Structure formats: C-alpha cells, structure tokens
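A.B. asks: Turn this into a structure:
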Amino acid sequence: MRSSSAKSLPGPEGSLRALRVARGIGGILALLGTLASGCIPGATADRVVLVTIDTLRADHLGCYGGTWIETPALDELAERGLRFETAISPTPLTLPSHASLMTALDPPRHGVRNNSTFHLDAGLPTLAERMRERGLATAAFVGAVVLDRQYGLDRGFDHYDDRMAPRRAAGEFGYAERTADRVVDSALAWLESGPDRFFLWVHLYDPHASYRPPERFLAQLPSHPYAGEIAFADAELGRLVESIRARWDEGRTLFVVTSDHGESLGEHGEMTHSLTLYDPTQRVPLILSGPGVPEGEVEERLARLTDVAPTILALAKAPPLPDPDGRDLRASPSGTPWEPPLAYLETLAPQLDLGWSPLLGIRSARFKYLRAPRPELYDLVEDPKETRNLVTERREVVEEMERSLSERLASARPVEPTLKPDAARRAQLARLGYLTGEAAVTAAELGEGGGTDPKDGLAQVMMLHTAVSLMAAGRPDEALAALETIDGGGYVFDLHRSEAARRAKRAELAERFARAALAQAPAVAGVHVALGEALEDQGRFEEAAQCFEEAVRLDPASSDPIVGLGRIAEARGEVAQAARLFERAADSRSGSAEALWRLAALRIEEGGRVGDLLSRLSAEEKDQPGAAIRLARAELKAGRRARALARLKRALQASPESAELLAAQEELRLGSP
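C.D. replies: Numbers count the residues shown, from 1 in each chain. Just a heads-up that it's a prediction; the model follows:
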C-alpha cells in the first residue's frame, strides 16, 4: 500500500484537475485505471454505508500493522480506498463519541458528555438529517442499548432499529446488546425492500467487553478473545459489503468504517476504556472507499471523528452542517495551505460516575496534553507508548496547548445530565461494563478538574468491574468479597457494596454500607434509595419510606424511589395506593420496568388484563428472576398454576443457574403457595 502524506481526497473540482494532469501515456493510463475502478474522483455517492465497530483498536487490524488476527474485509476496503493512519476519537465513551460522529461537534458543544444520562439536543442538526435532505432514505441498525433511540441519535433516520437480542452465553440476560450477525441480518433485510439511494449506518458492538466471540473465531486465538470478536465483526462487515456490491453499482457506493473508541487491554493500568485518554482508547481506524476517494492511499495527517460527517456530506453533495468542529478531509482548495488540526479529548466518566476528577486534553500530530490533577504531556513521535511525562520539561508546549484547550471549552454547553436511567436500565448497562454512578458534585463543578486523579484509582476500578461482573452473573457473595478488598474508593464503591450485600441477603450489612455512602453524599438521591432498600429488606417500612420520600424530594424525575414507595404500600396491603405509585413510576420520564411488572402482577391477582403492560416490557425484563417470580405468584393466586410454571420455565431458560428461580419452581411443584 502506498503512503501519501501529501495526498488527500480530491476537492470539488477533482475530476477536472485529474483530467488536466493526465499528461502522457503514464498519466492517461493512471486516470483510465481510476475510472475503471469505479472510484471516479468527482463522482457523487448515491449510497453511503457508515459502519462503526465499537471498541476497535486500530493497531489490531491487518491494514494498520496488526498481527493478532486476520481482518480481510477491513484490509480490502483499505486497499481499495483511503486509510487514515492516525484518526482520533474525542472521548472513550460510546454515546458521546457517536454524537460527535453524527454532529461534527466535540462533546462540549453537543452537550452529550457520558453514557445513559444525556440526550442529544433536538436543535442540533445531524448527519442523517442532512442525508435525508439530500433525498436519500436513511436507516440505522445499532448493536447495544447504549445507543437506544431515547438518547437522540435516531433523529434524521426513517428507520432506527435498536431492538436487542439474547446473548450467546447461557445463564446471562444480555439482551442489552445483539451480535454482529443479527445486526447485519436486520440491515440486509431492510435493504431487500429499500430504495436504491440510501444512507445506512450499521453499528457492530461485539469487540466491547465482555469478549465472547463465536467458537470458530475464539478457536483462532483462544488466549485473546478480544481479537476473536474483531475477527467476527470483520467477517460480518465483509458479508454486508459483498451483499451491497452484488446488488448496486460500486461506483456510486461510499463505504466509511471507523470506531467510537479503542480498548486499553491493560495498558496504563486500565483494562477496558472510559477513564483514560491514552492512544489505546483514542486512536481508531478510519477507512473510506468509493466514489471521490483515491485508491490504495494512506493519509498520514491527523484526522478526527468530527471530520467524518463533513467529509461524507461533501462526497454525497449534501448540505453541510453549520459551524462544525470537524472539517471536510478532502484536499484544501488550490493555493490554501493545510493547517494541521488539533484533536479535542475528554472523559467526564471519572467525575460523573465516580466523583473523581474529569480528564480534558488536546492532541496534535506530535504532542498530547492532558489536564488532570497531575497534568501530562507526551511527545507522540519520540514516545508513542506515552510513558514519559514531559510536563515539567516542555512548559512552552504545555502553555500553548492549555490555551488551545481553554479556547475549546469557552463555547461549551453546561454539563447537564438530562436522563435518569431506572434500575433495570442501569442493570443492562452494568452487564455491558458501564458504571452509571451519580456524581456528588454541584452543577458548577461538573467538567472542572479537581479531586482524585483517575490514573491513581484505576486498580480500584478494575476490582469494581470484577465485582459488577460477578453480580451480573448471580454471584453476589463473591462480588461482596471482592469489593471489601478495596480500600475506600468513595461513596460509589459503598453503593456497590450495599447492592452486593443486599443481593447476598445480608440486609444489615447493606444498611451499613448505604449509611457510609450517605455520610459522603447526602445530596445524592440514589444513596437514599440504597438505604431505603436495605431498610425495606429488614421490614423497617416506616424508615424505608422516609428514605424514598427524601430521594423523591432530591430528584423528582427518578422512578426508583417511587417504586420503593409502591413496594412498601403493597407490603402493607394498600393495593390501590401501590398501583397508583407503580403507574406514576411507569409513566415517568425515566420509566420503570419494575413498576410495570409489579403493576401487572396486581392486575393479574384482581383478574384484570395485563397485555398492555407486558407489551411494554422486553423479554429480558419479564424473564429476570424478580419479575418472573412475582408474576408467577400472581398467576398462582389467580388459580392459574400452569401459567405460573410456564413463566418460571421461560425465565430459567435465560437464567438456568438462578437459585431464586429454581427455589420458586420447586415451591410451585410441591404445591406451596
């Protein structure tokens, strides 16, 4: 593959310039080769296929020098198109990164700063809206609940498929994501009846932890399942590309493949992503292939995810986005010097999820500066592994990059979480490896530095992730043991300890941890909910109700404390009041799966219809042990033992090792009430 730091995508007059420079036999043959390949420099893309492969490190792909595993589909697109050697994501978080991809804005300007608690402002134009204005049909197929339509990325898409499917691993719910083959199947089904001119976004989530590739891909490299997930995603990408090429003229189809962020894999003390800004998480692949794109070229200059939308819009001759942070990656107009870009970097997850300091940064082609309690500066040419901090040696570079960073932040939106996930959604996100805390900081402090430096707390977070995985696997005693090995960690860690203790049926210990969290974060509604749940488990309903009421006062939009009040009303025999509270929680902005199945159970016991309620729940939500057992007991009380057993049987198919479900099934078989 040829390397060409001087070459880039042709500008609007690329075809005419190509004809003028086609002098002599060599030039004519080169131009004829370009035309024959279908990649006509000035052609317009009538079909655009954007594929984002989640959590994809560039250095694991063959075309980027990776030797772990073969990636023939990605390598072939790179051979037939343009590969950007250094493409940078603004943040190691799926939702904010995709928001940047779709708006061409960095997170401070689009306002989506973390997963699960932010919604893209409806006033911000998106790539999909512009493509629809261009007259293209628009469709998206996403592979994880973290990109659910409730977060606002569906805007501009005629069809937005965010239906999740079961995971392969037995005993796990895992409906919070679906595998690449299912995503591609859905996309191809849409294309079967779709129009000839379209913008298609396909999101493949598989390389994200936990790593469980299909057996034939795991067998290729058993010691590195992350690489197996990449190989699986690559195979499904190849199936998608070949299906499209078989049906449509390749000369009018643009393929763009990139990722939202990479994966640390233990480098710099982080196993996955979200808490650091080093290149293993921020350098992503970026490959373009199709009309208007030179073939077999490698662009050495820095590119950013915010550059992708302006470039796609230019190649499709669609209306541009207003005032973007990114720019069209095609060649600058003749006579205009190329100004090297700076890439903005941030992660607010340490602050929003753990109450630590956020990380903010700026990266050029050579230097990376990170604003942190202990700031960092790296020379990426001399030190690509980012091991030697030059912050005290190169003060002039630090000052210059600090100025650039401050200029970027001057136009930032306020950091205002706009969504509150309920307990069921938090559980889904936890199974995907996301921490979803509630920062004990004021609105004025959000986004500002100070507090624990994330690099100093990574060992604690690694243990916390282990504990969360153990809880998701139904092993709360082991999770609690792991959490108790962590020294301190702040109120978020105490909340997880309290949850593990509750699941291990140790309510008094859960209360102790919840009270420890309360002492540190008395203004956080979730802390009062945790204490209320621990007290509820002990039958101390009056005290629990007071905790839930205080949580409602602190956060009226949260459904969790309202559900808690409903459970207490039900335990006291106040069925009508419980039903009203469950209805209120179910209809709240954040919604509540638990409120729906508890309300359905009350209706079943009263002989009412529940189809409208259960239709609002996913299969996972109905089959999780707490829901299945409560609904089964309601069926039994209504005299429908066969239905009760059927509910438990279905739930056990999803969680065959659940002790709660097995005990409940045995209860029903023995005829116990």
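A.B. asks: quick one: E635 and S618, what's the gap?
C.D. replies: The gap separating E635 from S618 is 20 Å, by CB to CB, to the nearest Å. C-beta coordinates here come from the backbone N, C-alpha and C atoms, glycine included.
A.B. asks: Please disregard the earlier target; I meant H119.
C.D. replies: Taking CB to CB as the measure, H119 falls 20 Å from S618.
A.B. asks: Low-confidence regions, this structure specifically.
C.D. replies: Counting by pLDDT under 70, the chain has low-confidence residues at 1-42, 165-176, 331-338, 418-449, 589-590, 671-673.
A.B. asks: Can you give me the domain assignment for it?
C.D. replies: 14-336, 454-669 (automatic domain parsing).
A.B. asks: With mean neighbour count and distance to I362 as added columns, please give the ones you listed in CSV.
C.D. replies: Listed next are the domains of the chain as CSV, based on neighbours: other CB atoms under 10 Å; distance: least, CB to CB, whole Å:
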stretch, mean neighbour count, distance to I362
domain 14-336, 21, 10
domain 454-669, 19, 17
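A.B. asks: Relative to E382, which of those is closest?
C.D. replies: Proximity of the domains of the chain to E382 was assessed by CB to CB; the nearest stretch is domain 14-336, lying at 13.9 Å.
A.B. asks: packing partners for the helix or strand encompassing Y344?
C.D. replies: Under DSSP states H and E, the secondary-structure element containing Y344 is strand 343-347. Identification of packing neighbours for strand 343-347 by 3 or more CB pairs under 8 Å, 6 or more residues apart in numbering; DSSP states H and E yields helix 107-110, strand 359-363.
A.B. asks: Sheet partners, orientation included, of that strand?
C.D. replies: strand 359-363 (antiparallel) (DSSP bridges).
A.B. asks: just the CA coordinates of the strand it pairs with, formatted as CSV?
C.D. replies: As requested, the backbone C-alpha atoms of strand 359-363 are provided in CSV (Å, rounded to 0.1, in the frame of the first residue of the first chain):
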residue,chain,number,x,y,z
LEU,A,359,-9.8,14.4,32.2
LEU,A,360,-9.6,17.0,29.4
GLY,A,361,-7.0,17.2,26.7
ILE,A,362,-5.7,18.4,23.3
ARG,A,363,-3.7,16.3,20.8
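A.B. asks: what's that strand in contact with?
C.D. replies: By CB atoms under 8 Å, 6 or more residues apart in numbering, the list of residues contacting strand 359-363 from outside reads 88, 275-277, 282, 302, 342-347, 350, 368-372, 380, 401, 404-405, 408-409, 447, 449, 454.
A.B. asks: Which of those residues are buried? Put it as a PyMOL command.
C.D. replies: Typed into PyMOL, the line below selects the buried ones among the contacts of strand 359-363, using 16 or more other CB atoms under 10 Å:
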select buried, resi 88+275+276+277+282+302+342+343+344+345+346+347+350+368+369+370+371+372+380+401+405+408+409+447+454
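A.B. asks: nearest to T392, of the domains of the chain?
C.D. replies: Distances from T392 to each of these were compared using CB to CB; the shortest belongs to domain 454-669, at 16.7 Å.
A.B. asks: ok, now how distant is the residue nearest the centre of the chain from D54?
C.D. replies: Closest to where the C-alpha atoms of the chain average out (CA atoms, centre = their mean) is T94, at 3.1 Å. With distances taken as CB to CB, T94 is found 6 Å from D54.
A.B. asks: tell me, what's touching these two both at once?
C.D. replies: The overlap between the contact sets of T94 and D54 (CB under 8 Å, 6+ apart) consists of A144, H208, D260.
A.B. asks: Secondary structure element holding the last one?
C.D. replies: This means D260. Here D260 sits in a region with no helix or strand, counting by DSSP H and E.
A.B. asks: so it sits right up against V51, yeah?
C.D. replies: No: with the criterion set as CB atoms under 8 Å, D260 and V51 do not qualify as a contacting pair; they are 11.7 Å apart.
A.B. asks: Can you show me the CA trace of the longest helix seen in the chain as PDB?
C.D. replies: Criterion DSSP state H: the longest helix present in the chain is helix 225-247. Provided in PDB are the C-alpha atoms of helix 225-247 (Å, rounded to 0.1, in the frame of the first residue of the first chain):
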ATOM      1  CA  PRO A 225     -10.900 -13.300  22.800                       C
ATOM      2  CA  TYR A 226     -10.900  -9.500  22.100                       C
ATOM      3  CA  ALA A 227      -9.100 -10.300  18.800                       C
ATOM      4  CA  GLY A 228     -11.700 -13.000  18.100                       C
ATOM      5  CA  GLU A 229     -14.500 -10.500  18.500                       C
ATOM      6  CA  ILE A 230     -12.800  -8.200  16.000                       C
ATOM      7  CA  ALA A 231     -12.400 -11.100  13.500                       C
ATOM      8  CA  PHE A 232     -16.100 -11.900  13.900                       C
ATOM      9  CA  ALA A 233     -17.100  -8.200  13.300                       C
ATOM     10  CA  ASP A 234     -14.800  -8.100  10.300                       C
ATOM     11  CA  ALA A 235     -16.500 -11.200   8.800                       C
ATOM     12  CA  GLU A 236     -19.900  -9.700   9.200                       C
ATOM     13  CA  LEU A 237     -18.700  -6.400   7.700                       C
ATOM     14  CA  GLY A 238     -17.500  -8.400   4.700                       C
ATOM     15  CA  ARG A 239     -20.900 -10.100   4.400                       C
ATOM     16  CA  LEU A 240     -22.600  -6.700   4.400                       C
ATOM     17  CA  VAL A 241     -20.200  -5.100   1.900                       C
ATOM     18  CA  GLU A 242     -20.400  -8.100  -0.500                       C
ATOM     19  CA  SER A 243     -24.200  -8.100  -0.400                       C
ATOM     20  CA  ILE A 244     -24.300  -4.400  -1.300                       C
ATOM     21  CA  ARG A 245     -21.800  -4.700  -4.000                       C
ATOM     22  CA  ALA A 246     -23.700  -7.600  -5.600                       C
ATOM     23  CA  ARG A 247     -26.800  -5.500  -6.000                       C
END
